[in-house]
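> A predicted structure for the sequence below; I have some questions about it.
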Amino acid sequence: MSRTFFITGGAGFIGSAVIRELIHNTDNHVVNVDKLTYAGNLESLVSVAGSERYTFVQADICDAPAMQQLFEQHQPDVVMHLAAESHVDRSIDGPAEFIQTNIVGTAVLLEAARAYWKNLQQQDADKAEAFRFHHISTDEVYGDLEGTDDLFTETTPYAPSSPYSASKASSDHLVRAWQRTYGLPTLVTNCSNNYGPYHFPEKLIPLMILNALAGKPLPVYGDGQQIRDWLYVEDHARALIKVATEGDVGETYNIGGHNEQTNLHVVETICEILDELVPYKVNGNSHHLPLTAHDSHKQLITFVTDRPGHDVRYAIDASKIERELGWKPEETFETGLRKTVEWYLANKTWWKRVQDGSYQGQRLGSL
């Protein structure tokens, strides 16, 4: 059965992966609603732009009349809410925008969905029964883990550490409240750190790849021993679609990659892959580093002052989604990271246009 998916933030990193999966591998229709802030990049959706099953609308989820109109116009079967400000460092420097988009925007979208769903109940009971509102969140709402064996589960108490994670925790609570109070058929997923193709270059993995290629320092916070669970974005996209279409209303599903790594190990592994794929030959002719000759990209690693409130460890228990919905990641850390490095090496035009701002008609400044 073909459905219409209403996806907010579809020009972002995870949203664009979901849309590519839906258009390339299903017969569903997609309405992509994105404000196109700095992290929204329609060039990540070139492969689906010509599809008759794909529609893009530039709109702000905080604009209540616009959201109401879009629901009425497109009559979605599934809402997948990914629009969010998501960079921790930016939230520390300017939290107000995170509160506005992540909390107020989610409340506006919930109300638009609730009005639409109530109308469906009167006009098309079957469509109303099948309607789903899927809210995509993060494992950062849980705070950090002190033990080396503990895992975040769907019932772990919330203890957010940054303005970003606090704003996402707030939005999670709103979604659950709208389900409990109004009966809106919602689902929530909390994911671990994503990585993969089309990742905005301010994030750790693409930043390290591109800095290394340019011979720039590879800044690592503190001692680099912070642990994250890494999830390949295309694995995540498949999980999200499965939850949206097969998950139980009112449930939460944690999505992880089963790939716990320290930040330092991630950076070192990127360096090792680059050493293999684009080696710097001290006595050869393939120099790609403008700085002093390096035997390995690892010599570019630079330890910098740690981020305020930096969580030590995140780790997801993803057994529920595997047990109940049959999903598990296809990529290991090694295969996914190699695919990611190879993608950036093969798609220089995409990331160059992000770096110089030409993808959105303005310069971004230094990354």
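Cool, got the structure. What you see is a predicted model, and the numbers here were worked out from it, not measured in a lab. Residues are numbered from 1 along each chain as shown.

> what stretches of this protein score poorly on pLDDT?
For the chain, the stretches with pLDDT under 70 are 147-149, 280-294, 361-367.

> Start from the N-terminal end of the stretch 251-367 of the chain and give the helices.
263-277, 319-325, 333-346, 348-355 (DSSP state H, counting those that start in this stretch).

> I61: which of the ones you listed is closest?
helix 348-355 (22.8 Å; C-beta to C-beta). For the C-beta atoms, the positions are set from N, CA and C on the backbone; glycine is no exception.

> Can you tell me what sits against that closest one?
41, 43-44, 198, 200-201, 206, 210, 344, 359, 364, 367 (C-beta atoms under 8 Å, 6 or more residues apart in numbering).

> repeat for stretch 307-314
So stretch 307-314 is contacted by 88-89, 92, 139-140, 142-146, 148, 152, 161-162, 192-193, 221-222, 225-229, 260 (C-beta under 8 Å, 6+ apart).

> at 10 Å instead, please
Residues outside stretch 307-314 that contact it (C-beta atoms under 10 Å, 6 or more residues apart in numbering) are 88-89, 92, 138-140, 142-148, 150-152, 159-163, 165, 192-193, 221-222, 225-229, 256, 260, 262-263.

> Tell me which of the residues you listed fall in helices.
88-89, 92, 163, 165, 263 (DSSP state H).

> Taking those, tell me the two that lie furthest apart.
Maximum distance among the ones in helices among the contacts of stretch 307-314 (C-beta to C-beta): 20.6 Å, for P163 and N263.

> Give me the neighbour count for A49.
Using other C-beta atoms under 10 Å, A49 has 12 other residues around it.

> Now do the contacts for it.
So A49 contacts 23, 32, 42-43, 56 (C-beta under 10 Å, 6+ apart).

> Ok, V188 next?
81, 133-137, 141, 154, 171-173, 175-176, 179, 243, 247, 250-254.

> Narrow the residues you listed to those in helices?
Per DSSP H, the contacts of V188 map to helices at 171-173, 175-176, 179, 243.

> Same list (those) but as TSV, adding distance to P279 and neighbour count.
Formatted as TSV, the ones in helices among the contacts of V188 follow (distance: C-beta to C-beta, whole Å; neighbours: other C-beta atoms under 10 Å):
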residue	distance to P279	neighbour count
S171	45	26
D172	45	22
H173	50	15
V175	48	23
R176	51	15
Q179	54	20
V243	42	25
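
> possible to save these as CSV with distance to A318?
CSV is the format used below for the ones in helices among the contacts of V188 (distance: C-beta to C-beta, whole Å):
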residue, distance to A318
S171, 21
D172, 17
H173, 22
V175, 20
R176, 20
Q179, 22
V243, 12
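
> so L231 makes contact with Q261?
No - L231 is beyond contact range of Q261, at 11.5 Å (criterion: C-beta atoms under 10 Å).

> Excluding sequence neighbours, find me the nearest residue to V267.
M208 (5.2 Å; C-beta to C-beta, 6 or more residues apart in numbering).

> mind checking the end-to-end distance for stretch 351-359?
Taking C-alpha to C-alpha, to the nearest Å, the first and last residues of stretch 351-359 lie 9 Å apart.

> who does the helix or strand encompassing the residue nearest to V267 touch, helix- and strand-wise?
Using DSSP states H and E, M208 sits within helix 204-214. For helix 204-214, the packing partners by 3 or more C-beta pairs under 10 Å, 6 or more residues apart in numbering; DSSP states H and E come out as strand 193-195, strand 218-221, strand 227-232, helix 263-277, strand 301-304, helix 333-346, helix 348-355.

> and T332, how many neighbours does it have?
T332: 14 neighbours (other C-beta under 10 Å).

> For it, list the residues it contacts.
Residues in contact with T332, defined by C-beta under 10 Å, 6+ apart, are 230, 232, 257-259, 338.

> these two touch, right, V33 and D60?
Yes - contact criterion C-beta under 10 Å: V33 and D60 qualify, at 9.0 Å.

> Same drill for these two, tell me which one is more crowded.
Ranked by neighbour count (other C-beta under 10 Å), V33 and D60 place V33 first, with 28 against 19.

> Neighbours of F303, how many?
F303 sits with 14 neighbouring residues when counted by other C-beta under 10 Å.

> In the sheet, which residues pair with it? Tell me.
V220 (DSSP bridges).

> Let me see the contact set for it.
217-224, 264.

> out of those residues, which one sits closest to N119?
For N119, the nearest member of the contacts of F303 is Y221. The distance, counting by C-beta to C-beta, is 48.7 Å.

> ok, G256 to G15 distance?
Going from G256 to G15 by C-beta to C-beta, to the nearest Å gives 19 Å.
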